[in-house]
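A.B. asks: build the 3D model from these lines:
(chains A and B)
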There are 2 protein chains.
Amino acid sequence: MSDLGITVKKSEDLSEWYTQVILKSGLADYAQVKGCMVFRELSYAIWERIQQIFNEKIKRTGHKNVYFPLFIPESFLKKEAEHFAGFVPEVAWVTIGGDTPLEERLAIRPTSETIIYATYAKWIRSWRDLPIKLNQWCSVVRWETKATKLFLRTREFLWQEGHTAHATKEEADKEVMEILNEYRDIMENYLAIPVLVGRKSENEKFAGALYTTTLEAIMPDGKALQMGTSHNLGQNFSKVFDVKFIGEDEKEHYVWQTSWGMSTRVIGAMVMVHGDDKGLIIPPKVAPIQAVIVPIPYKTADSSAISAKARETYEKLSKAGISTVLDDRKEYTPGWKFNDWELKGVPVRVEIGPRDVAREQVTLARRDTFEKIVVKDEEVVEAVKRLLDDIQWNLYQRAKKFLEEHITPVKSYDEFREVLRTKGGFIKASWCGSGECELKIKEETGATIRVIPFEKEAPISSCIYCGGEAKELVYFARSY
Amino acid sequence: MSDLGITVKKSEDLSEWYTQVILKSGLADYAQVKGCMVFRELSYAIWERIQQIFNEKIKRTGHKNVYFPLFIPESFLKKEAEHFAGFVPEVAWVTIGGDTPLEERLAIRPTSETIIYATYAKWIRSWRDLPIKLNQWCSVVRWETKATKLFLRTREFLWQEGHTAHATKEEADKEVMEILNEYRDIMENYLAIPVLVGRKSENEKFAGALYTTTLEAIMPDGKALQMGTSHNLGQNFSKVFDVKFIGEDEKEHYVWQTSWGMSTRVIGAMVMVHGDDKGLIIPPKVAPIQAVIVPIPYKTADSSAISAKARETYEKLSKAGISTVLDDRKEYTPGWKFNDWELKGVPVRVEIGPRDVAREQVTLARRDTFEKIVVKDEEVVEAVKRLLDDIQWNLYQRAKKFLEEHITPVKSYDEFREVLRTKGGFIKASWCGSGECELKIKEETGATIRVIPFEKEAPISSCIYCGGEAKELVYFARSY
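C.D. replies: Numbers count the residues shown, from 1 in each chain, chains lettered A, B, ... in the order given. Okay, the predicted model is just below:
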């Protein structure tokens, strides 16, 4: 078993533990092309579940899915200067098609604002065409040069990107917040990961945006991880791509735009936040397999009765809408299977042995606490459902407690550095609002402003860096 | 209306009609990057429906979805010589990442056999790891230089590609046919497009395959269109990528592999086969909107009663699982809406005017025949369901009749050329089995062997080209 299981403790070497959990559980793998990964069936099924949840949400609010090209001509990317500057260092360029060098090189989309808005300019004529609210699920490429980290730093990853156009700034503001709230619901109520929400600073906002809103989670090593962003692009892109409409006032206006994205990195966060020394723990609401049934035959007992009961239980749970697997493979022992399904993070295990048959009961083991409970056959569906709810709740509470314990207010730069060095996490500090102080802090400590709360919080000291008058309290952290 | 509607007849200029229908219905658009297209909400929703249907099918038979990288190192593509030769003329190459020229250029996947099988070599150790049955939904790039034709010839398109590995040839054969049958079900019973199925000739098979099976439909201009292919790759790839397993016999074997794909070109086929001079006709089983309700207010009548009834009918139909839209926009007239929804191909229109309110009825109009029927309010759900079934059936029957009328047996090359010139369609002809005859016919007429029936059919003449002894009857056609 030892070479199959995780060989390091999460608390001792998070990074090595993270990689081992992902590879050994079969969640994902390194690809045979540098910097890229393979989303194996388990992670892809989680992604499909997230797609389903998010699609329901955005379709309910009038968004539609579409697909725009992978290729972006360099001239498009260049139109919005900040945007280009932000993305060009990480662009992969197609320069040859078939045998022929291209006249203009094509970027593999790092994000699709430019190609999409060039098209919006064609589609939008009057106020009647607004709002446009489109979304696409696709992969994007950002040419990372640092070491690959599965789900968190790869040259290609999967995401969704929403792109909307509105008649007014107010509508765009509303859209930004509506999506941020949908993201928050997914993070907290499905992935069981509590987040801080707020705005990004000018230095940290999306290249080309008016402002960026963000969701930030905390990882076990005290580093922050950005779970999604929702931007108000203002009229920055509409002005350069000439996206105009005739208003009800019969005058020409530029549209107001938003874009927002969430990527497969949230799966990496899920691994890190919930997993333990035995492997993955997948929150029940996004788990492709919620319960696994393991029959435990004994040589002396009637194994056919166990098989029959396992099958029956499988039917009952499946019929009740619980995604269940019956692991009746002959070539593995029950003990091996326990370890294997624990590694793969299935929330509930249902054990059925001779004693369970005799007593008309089953034994349930929960993945998060390893607690076992015995329930009567007729209660199995209700009991598993309750357990799934409990596990979902417990995972969230555990993570929330950790987050709360890792928000530390400080009143001086010395204190700031001390907390960063010893504990990490989010550091609440007073800031004068200057980008220079922010950049100096980043240079000297590696920490950046992760979130500026929507509701301005009163400073508790002068600016921790320059000692000047502080404008507000913001959250700093080192981040992934 | 004239500039919104289609300005040419389908029977007079199929190609121009095809483009107009797609652009004016909002199904899709040309992208702002050469050779590419935008899948707008209507075509993407049809694609999502096809994804849902196919996912259900393949998951039921134990396949799993995954995602492999977009990038394929040139050295991988080169490993299987036939495969490389087949694809290299159409590859888009990434040569620069960020600022740095790459050491080895990377293909944007034209198909993923090579990158996937390089990974299978890592994953497969013993017979216990088999079969592997994976599928991915993604886009692929083939650098077309001929004129762009929406859905049918674009540099990037969407598809699914399945990749399986098995212990024996028999299992791989079985997989190939299982998938071919699933494709057939989708084409015939969902897209309402009848197909001929069979094998491809050596000249026409997939580059690198042992053999290729195919589904071929007929378009209104008498040209064939390939709707999907399912290949037995034999051990061609496993030998070059070293995909081996230790069998139950404890010896090393190469795996047997299959791959199979279906792309968004089937949406192009759907447009061409079913559409008419008014626009699209979308088969009910894949229609994102199955019924549209258009209230017809009259100035003199009580429009609130009409609105209320329209809303009620909308609720009834939606609750019954019929995908329904209530078009109560004030800024357009009922006549404009009729035309617009006809253009967009919605199968059933529900009209509600003052007389319908007075008589407790609704008027249903079917998109395929324009026939109108009046039904009582209490029967509306059943009536719409019946109508959707009828339309689905009628579209298929119409297309089937057309296909059958366009299969012509010939006994000589003169006759062959005459049929091609006057009528097109599939030409059933006797063939000696030689690739040379086949290539000569292609050179001289543009027609290729589209399908070799699975059940060998006895020749009805000597080989139509060389006059030598014929082996079997095969289906020729010109094709998209």
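
A.B. asks: give me the neighbour count for the residue lying closest to residue A:317 once chain neighbours are set aside.
C.D. replies: Residue nearest to residue A:317 in three dimensions, not counting chain neighbours: residue A:324, with 4.3 Å by C-beta to C-beta, 6 or more residues apart in numbering or on different chains. For glycine as for every other residue, the C-beta is placed from the backbone atoms N, C-alpha and C. Neighbour count for residue A:324, taken as other C-beta atoms under 10 Å in any protein chain shown: 22.

A.B. asks: residues contacting residue A:324?
C.D. replies: Residues in contact with residue A:324 (C-beta atoms under 8 Å, 6 or more residues apart in numbering or on different chains) are A:289, A:290, A:291, A:292, A:293, A:314, A:317, A:318.

A.B. asks: mind checking which helix or strand of chain A has the lowest mean pLDDT?
C.D. replies: Every helix and strand of chain A was ranked by mean pLDDT, DSSP states H and E. The lowest is helix A:81-87, at a mean of 89.

A.B. asks: relative to strand B:92-97, how tilted is whichever helix or strand comes after that helix?
C.D. replies: Using DSSP states H and E, the helix or strand that follows helix A:81-87 in sequence is strand A:92-97. Strand A:92-97 and strand B:92-97 are oriented at 140 degrees to each other (axes from the mean of the first three to the mean of the last three C-alpha atoms, to 10 degrees).

A.B. asks: now do the same end-to-end measure for stretch A:140-148.
C.D. replies: 15 Å (C-alpha to C-alpha, to the nearest Å).

A.B. asks: that one and chain B, any residue contact?
C.D. replies: Yes - remark: stretch A:140-148 sits within contact range of chain B at A:141, A:143, A:145, by C-beta under 8 Å from any C-beta of the partner chain.

A.B. asks: list the contacts of the strand or helix carrying residue A:350.
C.D. replies: Counting by DSSP H and E, the element that carries residue A:350 is strand A:348-352. Residues outside strand A:348-352 that contact it (C-beta under 8 Å, 6+ apart): A:284, A:290-296, A:306, A:309-310, A:313, A:317, A:334, A:338, A:341-342, A:362-367, A:380, A:384, A:387-388, A:391.

A.B. asks: which strands or helices does the helix or strand just after that strand pack on?
C.D. replies: Using DSSP H and E, the helix or strand that follows strand A:348-352 in sequence is helix A:354-358. Helix A:354-358 sits against helix A:303-319, with contacts defined as 3 or more C-beta pairs under 8 Å, 6 or more residues apart in numbering or on different chains; DSSP states H and E.

A.B. asks: show me which residues of the stretch 301-450 of chain A are close to chain B?
C.D. replies: Residues of the stretch 301-450 of chain A lying near chain B (C-beta under 8 Å from any C-beta): residue A:331.

A.B. asks: any low-confidence regions in the stretch 301-450 of chain A?
C.D. replies: Scanning the stretch 301-450 of chain A for pLDDT under 70 picks out A:301.

A.B. asks: ok so, going back, and which of the residues of stretch A:140-148 next to chain B is nearest residue B:197?
C.D. replies: Of all those, residue A:141 has the smallest distance to residue B:197: 37.8 Å, by C-beta to C-beta.

A.B. asks: wait, the closest one sits on residue A:156?
C.D. replies: Yes - at 5.1 Å, residue A:141 and residue A:156 qualify as touching, with contact defined as C-beta atoms under 8 Å.
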